[in-house]
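**Student:** Sequence first, predicted coordinates after that:
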Amino acid sequence: MNEDQFAARVNAVEPAAPFVITDLVSELQEQGRDIIDLSVGQPDFETPPDILEATHEALDAGHTTYTPSNGIPKLRRAAASYLNERHGLDYEPENIMATPGGKMALYESVQALVDDGDEVIVFDPVWSSYEPMVKLAGGEAVHVDLSPHGFHLEPALDELAEAITEDTALVMLNSPVNPSGMVFSEAAFEGVRDLAVDHDLAVISDEIYKELIFEGDQPSLAAMDGMFGRTVTINGVSKTYSMTGYRVGFMAAPTDHTTMAGRVHSHAVSCAVNFSQHAAAYALSEADTDAIVDNMLGTFERRKEVLVDLFAERGVEVAEPESAFYAMFPIDSDDDMQWCKDAAREAGVGLVPGEAFNTPGYVRVSLVDTEERIREAVDRLATEGFI
Ligand SMILES: Cc1ncc(COP(=O)(O)O)c(C=O)c1O
């Protein structure tokens, strides 16, 4: 193919930066190097055995065909009950569409809601796929920078208000936040609600890490006054149940939205993987979610403390994350991608550059290895002069 045969909208986006580092890490590992890989966005916990068992049962029962495009009724019922019982929401099964990962639910929702020239408000540090999704839909991301506010949204509500124009079509909210680990306050959610209602905006609320808050909770946006009809809630089983490779997520939204996003879905993917949907339905309705989450949270919280203390001892301040399993720390470099590549090659530590989240000058660390390995990672970074 010639370069000019590729579409301008695809030329306008880069590959997802976390995967650039993941690819480098696996290349170094192939060469026999011991790399402490803290770049990945998945918990280092095994999928719970009873969920694996449910997966085997689904395969044995022959659930290997296409399913209804929006998902098997059992999963749509399970997801609605899960969101209602655990997150205080009020969805019916017909409000749910199962997708291959929450990522596809985001992509399809953006396709359904964003027209050429529309503006979409995102908060920096922003998860690396939001802006490309907006660009691929023909829209433009408008950034509200939370880094001067310790990555919190509440102090930036005036900036959010200023960012809204007559072209604003959508706000994309993600809390708990990948990559900062912050959890937005109730007042921040109320601020978003007030502005969304005043300006009649749609909001995507990506709550995929909501189970993984260390202390207290956050509201679910769609449960707030005036929000049900204008909110798309994104969630899934990847993080909570360590099921990233199953590729099952879902959107919960008014049926006019699931109908429109469903058009994209039916043409793009037909449906989510059949046996994965069965396993996800089991996870959401029958697995012991409290026990799974408590176990993960205890481990991640200890690792978080170790990391924050070790950096503090070396004079580096890490904005203390309020949820599992990410944190960001500042670096002294004006090329954070190069810094991360060098850190992988020279110190043997995999990390993701802040520029992937539109926050240059920072690096994201995922707490997805043991306390011992996290200690060693910080040691290696210090020994090689990275911190
Ligand atoms: C903020 C955020 N939203 C959505 C997703 C999508 O996850 P999945 O497609 O595995 O459900 C991720 C995964 O890293 C994420 O970090």
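**Tutor:** Yes, it's here.
**Student:** got the residues of this structure near the ligand?
**Tutor:** The chain comes close to the ligand at residues 41, 101-103, 127, 174, 178, 206, 208, 236, 238, 244, 249, as judged by CB under 6 Å from any ligand atom. All C-beta spots, glycine's among them, are computed from the backbone N, C-alpha and C.
**Student:** residues near residue 19, how many?
**Tutor:** Other residues within reach of residue 19, judged by other CB atoms under 10 Å, total 15.
**Student:** Sticking with it, tell me its helix or strand.
**Tutor:** Using DSSP states H and E, residue 19 falls within helix 17-30.
**Student:** mind listing the helices for the stretch 101-250 of the chain?
**Tutor:** 102-113, 130-136, 157-163, 186-198 (DSSP state H, counting those that start in this stretch).
**Student:** Any chance you could list what contacts the third one?
**Tutor:** Outside of helix 157-163, the residues within contact range by CB atoms under 8 Å, 6 or more residues apart in numbering are 121, 123, 142, 144-145, 153, 171, 188, 191-192, 195.
**Student:** 10 Å instead?
**Tutor:** Applying CB atoms under 10 Å, 6 or more residues apart in numbering, the external contacts of helix 157-163 come out as 119, 121-123, 142-146, 148-149, 153, 156, 171, 173, 187-188, 190-192, 194-196, 198-199.
**Student:** And that helix, what's buried?
**Tutor:** Within helix 157-163, the residues scored as buried using 16 or more other CB atoms under 10 Å are 157, 159-160, 163.
**Student:** mind putting the residues you listed in CSV, pLDDT included?
**Tutor:** Converted to CSV, the buried residues of helix 157-163 look like this (pLDDT from 0 to 100):
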residue, pLDDT
157, 98
159, 98
160, 98
163, 98
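**Student:** ok, how many other residues are close to the closest residue to residue 229 other than its chain neighbours?
**Tutor:** Nearest residue to residue 229 in three dimensions, chain neighbours excluded: residue 254, at 5.4 Å (CB to CB, 6 or more residues apart in numbering). When neighbours are counted by other CB under 10 Å, residue 254 registers 16.
**Student:** Okay, buried residues for the helix holding residue 19 please.
**Tutor:** So, applying 16+ other CB under 10 Å, buried residues of helix 17-30: 17-18, 20-22, 24-25, 28.
**Student:** which one in these is the model shakiest on?
**Tutor:** For those, the minimum pLDDT belongs to residue 17; the value there is 78.
**Student:** Quick check: the gap between the closest residue to that residue other than its chain neighbours and residue 26.
**Tutor:** Leaving aside its sequence neighbours, residue 17 sits nearest to residue 356 (CB to CB, 6+ apart; 3.3 Å). Distance of residue 356 to residue 26, computed by CB to CB, to the nearest Å: 17 Å.
**Student:** And the strands in the stretch 201-350 of the chain?
**Tutor:** 202-206, 231-236, 249-252, 326-330, 349-350 (DSSP state E, counting those that start in this stretch).
**Student:** One more: the stretch 1-150 of the chain?
**Tutor:** 36-37, 96-99, 119-124, 140-145.
**Student:** most tightly surrounded among these?
**Tutor:** Mean neighbour counts were compared across these using mean count of other CB atoms under 10 Å; the top stretch is strand 96-99, at a mean of 29.
**Student:** Counting by contacts, list what that one packs against.
**Tutor:** In terms of contacts (3 or more CB pairs under 10 Å, 6 or more residues apart in numbering; DSSP states H and E), strand 96-99 is packed against helix 73-87, helix 102-113, strand 231-236, strand 249-252, helix 255-268, helix 274-286.
**Student:** sorry, back to before: would CSV of the buried residues of helix 157-163 with distance to residue 293 be doable?
**Tutor:** Below are these laid out as CSV (distance: CB to CB, whole Å):
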residue, distance to residue 293
157, 30
159, 33
160, 30
163, 34
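**Student:** Return the member of those residues nearest to the ligand.
**Tutor:** residue 160 (18.5 Å; CB to the nearest ligand atom).
**Student:** which one's the longest helix in the protein?
**Tutor:** helix 289-313 (DSSP state H).
**Student:** List the contacts of residue 191.
**Tutor:** Here residue 191 is in contact with 153-154, 156-158, 160-161, 184-185 (criterion: CB under 10 Å, 6+ apart).
**Student:** do the same with residue 376
**Tutor:** By CB under 10 Å, 6+ apart, the contact set of residue 376 is 34, 36, 348-349, 369-370.
**Student:** can you list the domains in the chain?
**Tutor:** 3-47+290-383, 66-286 (automatic domain parsing).
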